[in-house]
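Participant: can't give you the sequence, but here's the structure:
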């Protein structure tokens with residue numbers, strides 16, 4: 001009895017790609033196979049299972065009920081095989097690859113990494129600073145720090161912290177206009193980014209509804225951290241999370257003219273694929289960051 005007849009690994013690999021991508025052509029592109037070869041492997045697997053796994057329609061395929069039951073199990077099985085091979089190759093815990101927004105990485109994570117290394121000296125950390133939504137099936141990333149409402153199916157989510165926001169600027173810039181006495185005074189300056197919904201929400205809460213935000217140029221600098229740098233340099237007013245910039249305020253590099261803060265209900269989240277929740281380095285990072293958040297009152 002040959003193993004290939006009982007457990008067709010190659011056909012299962014092709015099935016997993018086709019089910020995930022919803023296309024024989026795309027599966028072939030990913031695996032370096034022709035569409036004919038993909039169809040042949042799917043046919044072999046269907047013969048092995050004893051019934052169709054896909055419904056073939058013009059320019060479209062869809063999983064049958066049997067295919068829908070099989071697909072998540074096969075995906076999880078290949079993820080487990082991948083993790084087992086990675087563990088076998090590495091005698092140490094290896095490198096933890098983290099995708100994070102630039103602001104969270106620079107203002108929260110980087111200053112605290114020493115604490116993580118003290119607890120887990122065998123785990124190296126690699127950052128990828130990006131605001132893009134990472135596709136864990138295509139990127140070599142272990143965990144992500146995402147900003148949003150937590151609606152990312154297929155991922156394990158842990159809420160880390162929400163953000164309040166309020167305008168900040170250089171003390172010298174404020175003095176150049178004779179001081180900031182009322183919220184409307186902020187409209188004398190360039191705003192980063194005037195089209196950001198945070199500005200509209202903050203001004204409305206401050207009782208200023210007749211702003212010219214829609215008519216202003218949108219100075220989009222890419223991240224809260226870069227906008228803060230521009231504000232420190234005296235180029236305009238940024239709308240920022242005060243806790244991230246407590247040191248800059250204390251040193252007189254930034255000035256928060258009003259106590260009023262707002263929140264849009266979104267948050268930072270720790271995310272990773274559900275089938276990798278028990279990987280040791282991911283567990284170590286998860287437990288550490290959640291403990292840090294709890295200690296900070298988040």
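Facilitator: On my side now, so go ahead. Keep in mind that what you see is a predicted model, and the values were worked out from it rather than measured.
Participant: hey, let's count contacts and neighbours off CA atoms from now on
Facilitator: OK.
Participant: quick one: residue 248 and residue 241 touch, right?
Facilitator: No. Look at residue 248 against residue 241 with Cα atoms under 8 Å: they stay out of range, at 11.9 Å.
Participant: quick one: which of the two has more around it?
Facilitator: Here residue 248 and residue 241 are compared on neighbour count by other Cα atoms under 10 Å; more neighbours surround residue 241, at 20 against 15.
Participant: what's the spacing between the more buried one and residue 125?
Facilitator: Distance of residue 241 to residue 125, given as Cα to Cα, to the nearest Å: 26 Å.
Participant: got it, and residue 221?
Facilitator: Taking Cα to Cα, one finds residue 221 at 27 Å from residue 125.
Participant: How about residue 17?
Facilitator: 29 Å.
Participant: Same check on residue 150?
Facilitator: From residue 150 across to residue 125, the span is 24 Å (Cα to Cα).
Participant: So for residue 17 and residue 125, which sits in the more crowded spot?
Facilitator: Comparing residue 17 with residue 125 by other Cα under 10 Å, the one with more neighbours is residue 17, at 22 against 13.
Participant: Setting aside sequence neighbours, what's the nearest residue to the more buried one?
Facilitator: residue 27 (5.2 Å; Cα to Cα, 6 or more residues apart in numbering).
Participant: is it true that the one you found touches residue 36?
Facilitator: No. Counting by Cα under 8 Å, residue 27 sits too far from residue 36 to count as a contact (11.2 Å).
Participant: Pick out whichever of those two has more residues nearby.
Facilitator: residue 27 (23 against 12).
Participant: and the more buried one, what pLDDT?
Facilitator: Listed pLDDT for residue 27 reads 91.
Participant: Tell me which helix or strand it sits in.
Facilitator: Here residue 27, judged by DSSP states H and E, is contained in helix 24-31.
Participant: Same question for residue 15.
Facilitator: Per DSSP H and E: helix 9-21 holds residue 15.
Participant: Now do that helix: which elements does it pack against?
Facilitator: Helices and strands touching helix 9-21, as assessed by 3 or more Cα pairs under 8 Å, 6 or more residues apart in numbering; DSSP states H and E, comprise helix 24-31, helix 35-49, helix 65-89.
Participant: Can you mark which positions in the strand or helix carrying residue 126 are buried?
Facilitator: Residue 126 belongs to strand 124-129 when assigned by DSSP H and E. Buried positions in strand 124-129, judged by neighbour count with 16 or more other Cα atoms under 10 Å: 127, 129.
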